[in-house]
Every structure is written in structure tokens, then in C-alpha cells.
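In: Build the 3D model from these lines:
(one chain, ligands or ions: 1)
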Amino acid sequence: NMDHKWWKEAVIYQIYPYSFRDTTGSGIGDLNGITSKLSYLRDLGVDVIWLSPIYASPMKDMGYDISDYRAVNPDLGTMEDLERLMRTAHEIGLKVVMDLVVNHTSDQHAWFQDSLAGGSKRDWYVWRAPKNGQEPNNWGAIFGGSCWERDERSKEYYLHVFETSQPDLNWDNPDVREAVWDVMNFWLDKGCDGFRMDVINCISKEPGFPDVPVLDSSEKYQYGLKYRFNGPKVLDYLAEMHDRVLQYHPDAFTVGETPGVATADEAIGYVKGGTPLQMIFHFEHMYIDHQPGKTCFHKREWRLTELKDILGKFMLYMQDNDGWDSLYVENHDQPRILARYANDDIHRTAAAKMLALFHATGRGTLFVYQGQEIGMANSKQWTFEELRDVEEINHYNTEKAKRAPGADMSDVLTEIQRIGRDNARMPVSWTTGPNAGFSTATPWIKVNEDYKEWNVEVQEGQEHSVLEFWRGLLRMRKQEPGLVYGRLAMVDWESEDVYAYTRATAEAEHLVVCSFTEKTMQWTCPVEVGTLVLSNYISEKAEGGQVMELQPYACRLYKRS
Ligand code: TEU
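Out: Purely as a prediction, here's the structure:
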């Protein structure tokens, strides 16, 4: 079948190297720690590992600020360690995908240093003269403040969509694009199997750099992705990337991270027929429980039909328009999914399994984030001293500056507990031992308070654990092509409690039923059910047919041949 592609079937596992496994006693995860766990990942059912950035970096934004694209961050190991990691992975049939962060560099990158000094690479970054003695426009940076930083020497401003130390490359300069193609070829030649492309739809900005509409008149700098994401040249530059690099590596994996691509018809240009990218990460299902952008810490109530409207519509559109989706509910920028879509207090095991089935049977390529396979949860509480993420710290400080000295900040910490990125950046809980078996030293970020109950060691080999559920699920996904390629149809779209759909091929039809409520409830399935092949309650009988009594966060997978 022409539509069958290895990258549609593959299970991708995202590794956040600083927090995966430390083998040197530094308190920081390392490349050898990853190598030591490759067989664990293969046994889980993983096909591809994606490494969040492992390059030289001053670590202002945890490696998404790169100072040398061709060097390994010494905290994580050496180039030899990385080569061994890739070799070992390939020997056991795993592919290795790397993070390509080329919208911006670190301000410590030699390119920027040259640009700053007015050298031959001046135009590799985006410089603008002041406007009325001020910033060239009203754009607010994603991590706070203006998008523009003034340089005393030249009296010009450089653009940084993210943190001040992350200047945006000027992609309109062909030399910059050439340099990026070189970086990609460097890693492909080393044996890297593809790229996850950081904020790749940010590489083209609206010419003229117009002010964005004022959304919040109390703020000097306006948040919003308009004019700096999805600019007019994005698809041209990606087509060039395809012509210059990717077409020579038809097996290379590609996924673009694209904040601000809100609907499937905006997405399709990036992925139609697998080019220029195979799939993108879109965000609407992650924005569902909070306000977007700088106010992202503010809670928003949501209903299950909204989630269906986002994901269901996306998948159906892709299905009808020769597109393919990515499936993710966690990553290093998002809190753990349990408390967002379900519950991490009560029924945690059932909820984690339900979310696993929901996540793994959608129409798209499956991405599992480290620790998701054991149902890791957010920290129950963060103090300011425990925070590590620049986004959280900037947010805290901005809010604090608005208040009287010594004012209570607990509401801000509550928001950070709910939505902050450090929740996902705590070390993987491996064992019940000290530091969760992550390190012999005090970790760079705290370990999860619940690690003694929730870790790999206690779940491994335990028939009813979340980990073993994931293993069984991923095994089944490999045996049943219908779970990857089957035609998707939503079932009972109107239900606010049950998310259900079918995946059908000529041979078989699977029915997925997921209850998103902590109540026990009755649900009548409008379609025929078939044989129960997987569920998260042991004693469950499938005999009820279409009338189901669903326990809290119940999930069921049926098959009809
Ligand atoms: O994230 C881009 C992005 O959209 C995030 O800024 C997101 O809005 C935010 O994390 C929500 O809290 C990518 C990387 O994944 C992220 O880790 C980097 O900080 C960012 O780009 C800059 O490189």
C-alpha cells in the first residue's frame, strides 16, 4: 500500500536528556544514561528516540539556546558518547531523531557574536533601527518583555521572539539557510535519522514588522503569535530545505513544531503527502485548559466536546486531504497530562491507562514523553527556589513586580504547579532508591515527591501496572495495522463524558471507548461493539453489548472482524 510509511507506524519516545538518567554522579542526566536504557525502551515498544537538544549551550532555555550546533554539551558527555549512543541504538533497531533549533541561536553563538560586533555576519540576525527612540514595534517576547533588545554599540535592536539571549536568525538571508542545510547534513552524515524542528513556522516574519493589534492595553508589549509565526516565506524555505537536504534522505523523519497553526486547513500545507514535513505539532488541544500566551498560566474551564472538536476535526481533515497528524499529549513544555485531562489524585492508574489508549489509537504518529509510560504526575507544589524554567521564573518575577513588596505569591505558584514546564522536567522516577534512581547526587531539579510509589521498578513485571499496560498496548498497535491506518470515524460526538471512535480497515474494525469522567456511568454505544480486546478494569464483562456501565475513567478497545 502506497500510503504505508514506516514513520506513520513508528512509536517515538521523547527524551529530555538532563532529566533522563545520570551515570556520572553530577546530578545531571547524560548520554551514557540514555544508552544504558535503550533496551528498556525497545522492550517498551519504542522505535525512535527523539533527543531534546544535546548541543553546546549556556542553558538559559535548557539547551534551546545553542552556542555551537556541531558540539555536544559537556554536561551530557562527549561526541564519542553520542556516536556510541547512535551506534547502540541502531544495533537494536532504534532510530535517533535530533532537535533542530534554527529559528534562533544563543547570543553566545559565534554567528551572533560576529553579528553583534558588526562583522560579515551582521545580517544573519534581524536588526532594526529604533522607532521614535523606542523598540521598532510592540511585539512582546514569549518569555516576557519586548521582542527587541537594544545594542549600545550600533544603537540598533535585534529581534528575539523568545528569551533575550535567543536572537532570531534572519532566514531571508540565503547564507543563513545555507548554514542550516550544512548543520542538517552534518548530523545526517553522523547517522541521525531525522529532526524535530523547533518553532519551525517562526522562521519567516511579516515584512515591515508591523505592530500587532493591542490585546491588552495594560501591557506595553503585546503577546500574540501574529506577524512572527506563519510568515509569507515559511513554506518556500521548507521547500528549499526539502530540495537541498531532505530529498536526499527519503527515510529521514521530520516533525515540525508549529505554535499558532490552529486548524487543519492551516496545517495541511506543511504536511500534504508527507512534504515538506511528514507531520507537525499543533497546540490547540494543549491550550484547552488555559489562556494562550503570556497569560498561559490562567486557568480555563473546558468541555470534552471541545477536545473532540479540536482533535477529531484535525484528524478527519488530514484523513480526507492526504495529511498525517502527530499524536502527543505531553512534552518538555507541558505539564503531565493526568491532572489536565483526568485526575492524578484518585483513580490514577485507571486514568493513566485510559489516556494511554486514547492517545495511542488516534490517527497519527505516536509520541510518548519520558515518564508518561509509568503515569508520572506533576509535582503537588513548587516553591520559588525549586523553579528552574526561565518561563516560570520570568512569569513569577513579572507578577511579583506588580505587587507590593512581600505580597502573597501563592496564587502564582499554584498556576505554575498546574501549568508550568518544570512539572515535566523532573527526573524520570526509575526506582524507590535515593533520588528516584536517577542519580547518586542531588539532581539539578527536584525529583517527584511521589517517586517511591510511582517508578519504573515497582511497575515492571506487575501485570496491572501502567507500564505493562503501555507495553501491551504498543505490542497490539504493532500487530494491528488498523490501529494506525484504519479509517477514523467519531462515535457519539455530542457526549461530554465519553470519547469514542472507530478505526476501520477492510479486514477489521476497532472501537475505542474512553470515559473522561470520575463517575461511574451508563453509556449506550450507538454502534455494534465486537469483542473486548483491552480494558483498564480487570473484572469487566463485555457482555453488556452496546449498553455499557463504565467505571471511573474506564477505557475499552473492541475488535470486530
Ligand atoms: O517551544 C515553543 C513554544 O511554543 C513554547 O514557547 C511554548 O509556547 C511554551 O513552552 C509553553 O509553555 C519550543 C521548545 O519546545 C521550548 O522548550 C523552547 O523554550 C522554545 O521553543 C524556544 O526554543
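In: contacting residues for the residue with the largest distance to the centre of the chain?
Out: The outermost residue of the chain relative to its centre, with distances by Cα atoms, centre = their mean, is residue 132 at 39.6 Å. Residues in contact with residue 132, defined by Cβ atoms under 8 Å, 6 or more residues apart in numbering, are absent; none qualify. Where you see a C-beta, it was placed from the backbone N, CA and C, and this is true even at glycine.
In: ok, now which ones touch the spatially most central residue of the chain?
Out: Centre of the chain computed as the mean C-alpha position; nearest residue by Cα atoms, centre = their mean is residue 331, 3.6 Å away. Listed by Cβ under 8 Å, 6+ apart, the contact partners of residue 331 are 14, 281, 367, 369, 424.
In: Please repeat the previous calculation with a cut-off of 7 Å.
Out: Residues counted as contacts of residue 331 (Cβ atoms under 7 Å, 6 or more residues apart in numbering) are 14, 369, 424.
In: Is it within a helix or a strand, and which one?
Out: When secondary structure is defined by DSSP states H and E, residue 331 falls outside every helix and strand.
In: For it, give its distance to the ligand.
Out: 7 Å (Cβ to the nearest ligand atom, to the nearest Å).
In: For residue 487, which residues are in contact?
Out: Contacts of residue 487 were listed using Cβ under 7 Å, 6+ apart, and they are 319, 503-504.
In: So which of the residues you listed belong to helices?
Out: Among the contacts of residue 487, the members falling in helices (DSSP state H) are residue 319.
In: can you list the residues of this protein near the ligand?
Out: Counting by Cβ under 6 Å from any ligand atom, the positions of the chain adjacent to the ligand are 61, 64, 101, 142, 162, 198-199, 257, 259, 296, 332-333, 391, 421.
In: Just flag the most distant two among those.
Out: Greatest spatial distance in these: 101 and 296, 20.6 Å, computed using Cβ to Cβ.
In: out of those two, which sits in the busier spot?
Out: A count of neighbours by other Cβ atoms under 10 Å puts residue 101 above the other of residue 101 and residue 296, at 27 against 18.
In: mind listing what the more buried one touches?
Out: By Cβ under 7 Å, 6+ apart, the contact set of residue 101 is 53, 64, 66, 198.
In: and the end-to-end length of stretch 428-444?
Out: Its start and end residues considered, stretch 428-444 measures 13 Å (Cα to Cα, to the nearest Å).
In: And the contacts of that stretch?
Out: 18-22, 25-28, 370-371, 374, 376, 427, 447-448, 451-452, 454-458.
In: picking that back up, looking at the contacts of residue 101, which has the most residues close by?
Out: Neighbour counts for those, by other Cβ under 10 Å, peak at residue 66, which reaches 28 neighbours.
In: quick revisit: how close does the residue nearest to the centre of the chain get to residue 325?
Out: For residue 331, the distance to residue 325 (Cβ to Cβ, to the nearest Å) stands at 15 Å.
In: which helices and strands does the helix or strand hosting residue 366 pack with?
Out: Residue 366 belongs to strand 365-369 when elements are defined using DSSP H and E. Here strand 365-369 touches strand 11-15, strand 326-327, going by 3 or more Cβ pairs under 7 Å, 6 or more residues apart in numbering; DSSP states H and E.
In: now those strands in TSV, with mean neighbour count and mean pLDDT?
Out: Conversion of these to TSV gives the following (neighbours: other Cβ atoms under 10 Å; pLDDT from 0 to 100):
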stretch	mean neighbour count	mean pLDDT
strand 11-15	23	99
strand 326-327	22	98
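In: can the ones you listed go into a markdown table with extra columns for distance to residue 173?
Out: As requested, the helices and strands packed on strand 365-369 are arranged in a markdown table below (distance: least, Cβ to Cβ, whole Å):
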| stretch | distance to residue 173 |
| --- | --- |
| strand 11-15 | 31 |
| strand 326-327 | 30 |
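In: Show me what the longest helix along the chain packs onto, helices and strands only.
Out: Using DSSP H to define each element, the chain has its longest helix at helix 174-190. Helices and strands touching helix 174-190, as assessed by 3+ Cβ pairs under 7 Å, 6+ apart, comprise helix 234-244.
In: And the chain, what are its domain boundaries?
Out: Using automatic domain parsing, the domain parsing of the chain gives 7-105+174-206+228-384+424-472, 485-560.
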